[in-house]
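Trainee: sequence and computational prediction follow.
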Amino acid sequence: MIERASTYALIVIGIAVALNVLGLGAAYLFYPGYVDTGEPNIVALAWRLLAGHPVYLPIDDAARITNLYGPYLYLIHAAVFAMLGASVAVGKLPGIAALVLTIVVCALGQRRRGAAMMGFTAACTAAVAVVNLPASVWDRPEAFMMLAVAIGVWINNAAGRGIWFRIAGFGTLVGVVIGLKVFAAVYFLPFGLLMLVRDGIRACIATALLAMAITALPFVSPAFELQYMIDLIEVMSDKPNSLEGLVKVLRYAGFYALPPLLFLAWAWRVMPADERRDVAVLAAGFVLALAAVFYPAQKPGAGMYYLLPFAPLAFDLAARGLARLADKGAAMATAVLVCVLMNVIAIPAEKRFFRNLDWERAGNVAAEIEAIAADNPGKTIEIGIGDSFESYVTTFQRTRLVFDGHPYTLDTSIVIDTTAWGIDIKPATLAMIEACETDIWLIPANERPFDWTGYYGKDVYGLRFRESFHRAYLKTGNRQYFDIYRCRRAG
């Protein structure tokens, strides 16, 4: 009786929370702004890629727009732009779709173990996704890496498939995730260890060779100059460590570690020997990979969302144990309790997320940007920063200008990091500003242009840049959200 009721409860909870994630994803899709500073950069670079602009620029280039993410992140977004055209919503679509597909694939990966396990994994994965808002719906790599791991779980659980299926599948997935973020192969360490045990060293070598080929493929294009990416990685790798960040990441690791620990320990004695072997290898790889990710996750600018790609494997391991206990009422009731608790814990994160969506302001900012552009036909326009944290969010919608063909030379989300870690504003950048290569700069209303101390406590643009800007530009008007600065030589 308890087993049947728990089974129905897991199915209902899984469907309900999956629909909740679908709803919040849809809400953010149609929200006219962004919630994260890095989102505009990714979609701007992806859109420009279609026009032949390079994604990676030299460190000493006048423009400061290059991010550390791998080529496949931009290629995914560029492909969607090529099909659907450019807009704020279309730029968000790939990341949101990746999250929704992750939950679907996680559930399908448990199909052989029954509907209760499908509901359990969907519910747990959805809870972790909500806890990690907004990282789980933005366009950075994590949602795509989580989807890749979910597909990896499905491949691992696929019955009747041979060694070449696993080589092709894991080789492709690893190649793509490295092309999303350099260290992302670590998320596939558990699968690699199991392949070594199950299929042998030759299969692992073949998988690695395929992965390297797929990772290298985009660098054939001049849009992705490998050396420029390496140069930036060398500088950014010197970010300091953060004890506070490590403590936070360790605390959130419990979401991923405790459910599999609970149900695997409970079911260990009733597992067949071959499944014990597979579970032991996957669990060992999971622990090693989790520990490895703690290091980059604790650095400034990173965070707990670096653990997000572990969710599909963590809850697959938990479902493996739970499936062996499906006839035990106590275990099934505990699974229901785990799902409920995880999703209850996630509620505050979802509330914060929706509170931060200021629909009225975002819509008004968008309308003002479009109005200023319409009032200045033939003029090139960019959006700069002011002097406060509060106004920074209004600058996120710079993509609206980029989509319309305006220049893209300075992105504060990039300058914050590069300045903080030792890449000062270059003479070429000062010369670009003084030459008025952009006709008009929009600065948050009633604020000092580019006079901002960023997240790391450092002056983002510096006095020399501000002096160059004021020599070249003069405030000529103001609106509700932006002041208008025109090139002095334009009259």
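Mentor: Alright, I've got the coordinates. Every value quoted in this text rests on a predicted model; they were computed, and no experiment measured them.
Trainee: what about the residue lying closest to Leu84 once chain neighbours are set aside, neighbour count?
Mentor: Nearest residue to Leu84, sequence neighbours excluded (Cβ to Cβ, 6 or more residues apart in numbering): Val90, at 4.8 Å. From N, CA and C alone the C-beta is placed, and that goes for glycine too. Per other Cβ atoms under 10 Å, the neighbour tally for Val90 reads 18.
Trainee: got it, and the one 4 residues further on?
Mentor: Counted with other Cβ under 10 Å, the burial measure for Pro94 works out to 22 neighbours.
Trainee: where's it, which helix or strand?
Mentor: Assigned by DSSP states H and E, Pro94 belongs to helix 88-108.
Trainee: could you give the mean pLDDT of the helix or strand just after that helix?
Mentor: Counting by DSSP H and E, the next helix or strand C-terminal to helix 88-108 is helix 115-131. If you average the pLDDT over helix 115-131, you get 96.
Trainee: starting at the chain centroid, how far to stretch 13-30?
Mentor: Stretch 13-30 sits 18 Å away from the centroid of its parent chain (Cα atoms, centre = their mean, to the nearest Å).
Trainee: contacts for that stretch?
Mentor: 35, 89, 92-93, 96, 99-100, 103-104, 107, 118-123, 126-127, 129-130, 133-134, 137, 336, 339-340, 343, 350, 353-354, 357 (Cβ atoms under 8 Å, 6 or more residues apart in numbering).
Trainee: mind running it again at 7 Å?
Mentor: Stretch 13-30 is contacted by residues 89, 92-93, 96, 99-100, 103, 107, 118-120, 122-123, 126-127, 129-130, 137, 339-340, 343, 350 when judged by Cβ atoms under 7 Å, 6 or more residues apart in numbering.
Trainee: that stretch: which residues count as buried?
Mentor: Neighbour counts over stretch 13-30 (16 or more other Cβ atoms under 10 Å) mark Ile13, Gly14, Val17, Ala18, Asn20, Val21, Leu22, Leu24, Gly25, Tyr28, Leu29 as buried.
Trainee: for Ala431, state which of these is nearest.
Mentor: Tyr28 (39.4 Å; Cβ to Cβ).
Trainee: how close does the closest one get to Leu73?
Mentor: Distance of Tyr28 to Leu73, computed by Cβ to Cβ, to the nearest Å: 18 Å.
Trainee: run through the strands of this protein in chain order.
Mentor: Under the criterion DSSP state E, the chain contains strands at 381-383, 440-444, 473-478, 482-487.
Trainee: mind putting those strands into CSV with mean pLDDT?
Mentor: Shown next, in CSV, are the strands of the chain (pLDDT from 0 to 100):
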stretch, mean pLDDT
strand 381-383, 98
strand 440-444, 98
strand 473-478, 95
strand 482-487, 97
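Trainee: so can I have JSON lines of those strands showing distance to Met271?
Mentor: Converted to JSON lines, those look like this (distance: least, Cβ to Cβ, whole Å):
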{"stretch": "strand 381-383", "distance to Met271": "57"}
{"stretch": "strand 440-444", "distance to Met271": "59"}
{"stretch": "strand 473-478", "distance to Met271": "69"}
{"stretch": "strand 482-487", "distance to Met271": "62"}
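Trainee: those: which one's closest to Tyr295?
Mentor: Proximity to Tyr295 (Cβ to Cβ) singles out strand 381-383 among those, at 34.8 Å.
Trainee: reformat the strands of the chain as a markdown table; add mean neighbour count and distance to Asp278.
Mentor: Shown next, in a markdown table, are the strands of the chain (neighbours: other Cβ atoms under 10 Å; distance: least, Cβ to Cβ, whole Å):
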| stretch | mean neighbour count | distance to Asp278 |
| --- | --- | --- |
| strand 381-383 | 23 | 52 |
| strand 440-444 | 24 | 55 |
| strand 473-478 | 15 | 64 |
| strand 482-487 | 22 | 58 |
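Trainee: for those, which one sits closest to His406?
Mentor: Ranking those by distance to His406, with Cβ to Cβ as the measure, places strand 381-383 first at 5.1 Å.
Trainee: from the chain's centre, how far out does the closest one sit?
Mentor: On Cα atoms, centre = their mean, the centre of strand 381-383 falls 25 Å from that of its chain.
Trainee: for the strands of the chain, which one sits closest to Arg48?
Mentor: Of all those, strand 381-383 sits nearest to Arg48, with 13.3 Å by Cβ to Cβ.
Trainee: can you name the residues in contact with that closest one?
Mentor: 372-373, 395, 398, 401, 406-407, 409-410, 438-442.
Trainee: same thing with stretch 299-310?
Mentor: 128, 132, 135-136, 142, 145-146, 149, 187, 239-242, 245, 248-249, 252-253, 256, 290, 293, 296-297, 417, 456.
Trainee: next, the distance between the ends of that stretch.
Mentor: End-to-end span of stretch 299-310 (Cα to Cα, to the nearest Å): 19 Å.
Trainee: what of stretch 397-413?
Mentor: Using Cα to Cα, one end of stretch 397-413 lies 12 Å from the other.
Trainee: list the buried residues of it.
Mentor: Those buried within stretch 397-413 under the rule 16+ other Cβ under 10 Å are 397-403, 406-413.
Trainee: and which of those residues is nearest Phe465?
Mentor: Nearest to Phe465 among these is Leu410, at 9.3 Å by Cβ to Cβ.
Trainee: who's that closest one bridged to?
Mentor: Beta bridges link Leu410 to Arg64, judged by DSSP bridges.
Trainee: so what's the residue count around Ile369?
Mentor: Residues lying near Ile369 (other Cβ under 10 Å) number 23.
Trainee: so what's the residue nearest to it when sequence neighbours are not counted up against?
Mentor: Excluding the flanking residues, the one nearest Ile369 by Cβ to Cβ, 6+ apart is Arg400, at 5.2 Å. Contact analysis of Arg400 by Cβ under 7 Å, 6+ apart lists Val88, Ala366, Ile369, Glu370.
Trainee: then Pro54?
Mentor: By Cβ under 7 Å, 6+ apart, Pro54 lies in contact with Pro222, Ala223, Glu225.
Trainee: next, give phi and psi for it.
Mentor: The phi and psi values for Pro54, taken as degrees, to the nearest 10, are phi -70, psi 150.
Trainee: go on, Leu68?
Mentor: phi -90, psi 0.
Trainee: still on that earlier bit, of the contacts of Pro54 - the most surrounded one?
Mentor: Ala223 (19 neighbours).
Trainee: check which residues of stretch 453-471 are buried.
Mentor: So, applying 16+ other Cβ under 10 Å, buried residues of stretch 453-471: Gly454, Val460, Tyr461, Gly462, Phe465, Arg466, Ser468, Phe469, His470.
Trainee: the helix holding Pro94 to helix 115-131, inter-axis angle?
Mentor: Angle between the axes of helix 88-108 and helix 115-131 is 150 degrees (criterion: axes from the mean of the first three to the mean of the last three Cα atoms, to 10 degrees).
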